[in-house]
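what shape does this take:
(chains A and B)
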Amino acid sequence: MRKSTICNLLLLFVLIPGTLFLGTQLSGRWYYLTSTMMIVEVMIPFFLAFETRRPQARELVTLAVMCALAVASRVVMLIPNFKPMTAIVMISGIALGAQSGFVCGAVGAFASNFFFSQGPWTPWQMMAYGFAGFLAGGLFHKRFPLRNPAALAVWGFFTIVLVIGPLLDCCTVFTVSSRITWKYALAVFTAGFAYNVQHGIACAVTLLLFSRPLLSKLERLKTKYGMMDAG
Amino acid sequence: MRYDAFSKCHPLTNFLFFLGAIGFCVVIQHPMYLAAGAVGAGGYYLLLKGRDGWKRIAGLVPVFVVIAGLNPLLNTYGERLLFTVFGRPYTLEALYYGMAVAGMFVVMILWFGCYSMVLTSDKFVCLFGSLIPALSLLLVMVLRMIPNLARKGKQIADARTCIGKGVTGANSAKEKIAGGMQVLSALTDWALEGSIITADAMRCRGYGTAKRTSFRIYRMTTRDWALIGAMGVLAAGVLLAGGTGATFTPELWIASPTWGLAAYGVFLLIPTLLYLQEAVQWHISISGI
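This is a model prediction of the structure:
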């Protein structure tokens, strides 16, 4: 068995249940630590897969450029509260594949926090943005006919409002609530809903305007240099 | 950021300290431990930031009030009733609990603020570079490319101005957006083509042919080992001494503090003490001249 497989199995069957068990056994406020450790443990297999594949230089640098574009779109906010980062992560996932999409989102979230501030939200943002790239890659990477900007925009909007936004709000639930109840979680999700809709609209607009030009640039690059044929 | 002795320590020392400080902060909800955390985090934050730090700390006060005040609305357990909101009880215990959670949040934000200033990206890469080589290389390239993209974007915009295609205040919104899109398109093309050239150059220089070595500017000194040892002993003290428990709802109960609190206080003051030691030494050496 490969080393990474053993590592993944260990994570899945020992570490994650162990964390969950410990979290329920200890008295006191362990919600944040337990939930964050879970998030980190869930991310490890993705990173491990990327590391053990030993990505080629061309793939690595192209990914870095897409990641840098995503970070720049978050850091250089041209219009207030307009965050196109998720959309660019999604486009990277669509063009380069689910795994690269995840890495682009997670590293992008981590890198952009060097410009703002690392905080309790960092692991959650890494997971949420990474997952956005992963989902987009899984759905659209091999399916060219589905890459219609309007369809992508609608899909992006609903993914953010229903999946990515609540995932980010989970961080708030685990950080600032005194008792974790469904009622409290629901209150936080409701409070975050307007914000998530705003985020979703930003993502949809960006996908509508930029998905075609960006995707065609990436496709051209792949054809011109014959890269990533295997992946 | 000012000169700070703790920032000059090995990244591992920095990392372990923040792991301990933030880890204890999110788990222990005893009010006296919380107060110790606030003093440690606030003091070090102000040392690092100087006078600007007060602004950030003042900005955290409303956050504290909101989190503390909202908690009793959702957590209705507790015995001492203050008043009722929409027929739901608003209790003193829940308010105390809210204050504890809000305090924890604020202290955590302050610690992370210090973390961001102390554990910079180069230190992170130094720590994890050999563990995750591809990802840390990716991180370094991303961080390097941001200023690069900004500079190139300005060059492209300037070049367009030279040929009379620049965007000024006189243009309509539509023209501005179209101009911005053109710059962005050119920038993306340039960056993507550049990535292939960079990658080919990397391959020519043997990227991926052998295990990568890395340049390390940080070395573990005797002081680092001593600090890590001291942190280990103090953290063990906090864990073993106990007396960190506190429950707020439904009934207020706070454990009486033990000497673990003193260990916790010393642990949190490590960076501040290092800073002061350096300052005193500097003062003595100046007056010696």
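
where exactly do the helices run in chain A?
Assignment of helices within chain A using DSSP state H yields the ranges A:3-10, A:16-25, A:31-52, A:57-75, A:85-96, A:98-112, A:122-140, A:149-159, A:165-176, A:182-225.

so which of those gets nearest chain B?
Nearest of these to chain B, taken as CB to the nearest CB: helix A:57-75 at 3.6 Å. No exception for glycine: its C-beta is placed from N, CA and C like everyone else's.

mind listing what's buried along the closest one?
Going by neighbour count (16 or more other CB atoms under 10 Å in any protein chain shown), the buried part of helix A:57-75 is A:57-74.

filter those residues by proximity to chain B?
Of the residues in those, proximity to chain B by CB under 8 Å from any CB of the partner chain holds for A:57-65, A:67-69, A:71-72.

what's the distance between residue B:270 and residue B:282?
19 Å (CB to CB, to the nearest Å).

can you check residue A:166 too?
Residue A:166 is 52 Å from residue B:282, by CB to CB.

compare neighbour counts for the two and give me the winner.
Between residue A:166 and residue B:282, residue A:166 has the larger neighbour count (other CB atoms under 10 Å in any protein chain shown), namely 18 against 12.

dump the residue contacts of the more buried one.
Contacts for residue A:166 (CB atoms under 8 Å, 6 or more residues apart in numbering or on different chains) come out as A:189, A:192, A:196.

hang on, the earlier thing: distance to residue A:125 and pLDDT added to the ones next to chain B among the buried residues of helix A:57-75, as TSV?
TSV is the format used below for those (distance: CB to CB, whole Å; pLDDT from 0 to 100):
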residue	distance to residue A:125	pLDDT
A:57	28	88
A:58	28	88
A:59	24	87
A:60	22	90
A:61	24	92
A:62	23	92
A:63	18	93
A:64	19	94
A:65	21	94
A:67	14	94
A:68	17	94
A:69	17	91
A:71	12	91
A:72	16	88
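
out of those residues, who's nearest residue A:19?
residue A:67 (28.9 Å; CB to CB).

the strands in the stretch 1-150 of chain B, which residues?
Secondary structure of the stretch 1-150 of chain B (DSSP state E, counting those that start in this stretch): strands at B:81-85, B:88-91.

got a list of what residue B:70 touches?
By CB under 8 Å, 6+ apart, the neighbours of residue B:70 are residue B:98.

most packed of the helices of chain A?
helix A:85-96 (a mean of 30; mean count of other CB atoms under 10 Å in any protein chain shown).

check which helices and strands that one sits against.
Here helix A:85-96 touches helix A:57-75, helix A:98-112, helix A:122-140, helix A:149-159, helix A:182-225, going by 3 or more CB pairs under 8 Å, 6 or more residues apart in numbering or on different chains; DSSP states H and E.

output those as JSON lines; include the columns distance to residue B:62.
Shown next, in JSON lines, are the helices and strands packed on helix A:85-96 (distance: least, CB to CB, whole Å):
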{"stretch": "helix A:57-75", "distance to residue B:62": "25"}
{"stretch": "helix A:98-112", "distance to residue B:62": "25"}
{"stretch": "helix A:122-140", "distance to residue B:62": "23"}
{"stretch": "helix A:149-159", "distance to residue B:62": "32"}
{"stretch": "helix A:182-225", "distance to residue B:62": "16"}
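
so which of these is nearest residue B:15?
helix A:122-140 (14.2 Å).

got the contact list for residue 148?
With no chain named, the answer covers chain A. Contacts of residue A:148 by CB under 8 Å, 6+ apart: none found.

not quite, I wanted chain B
residue A:68.

where do the domain boundaries of the chain fall?
If you meant another chain, say so; for now it's chain A. A:1-54, A:56-225 (automatic domain parsing).

oops, I was thinking of chain B
Looking at automatic domain parsing, the domains of chain B come to B:6-125+B:237-288, B:139-204.

please identify the most buried of these.
domain B:6-125+B:237-288 (a mean of 18).

look at that domain and report the distance between its end residues.
End-to-end distance of domain B:6-125+B:237-288 (CA to CA, to the nearest Å): 25 Å.

what does stretch B:71-89 give?
Length of stretch B:71-89, first residue to last, CA to CA: 12 Å.

average pLDDT for that stretch, rounded please.
For stretch B:71-89, mean pLDDT is 77.
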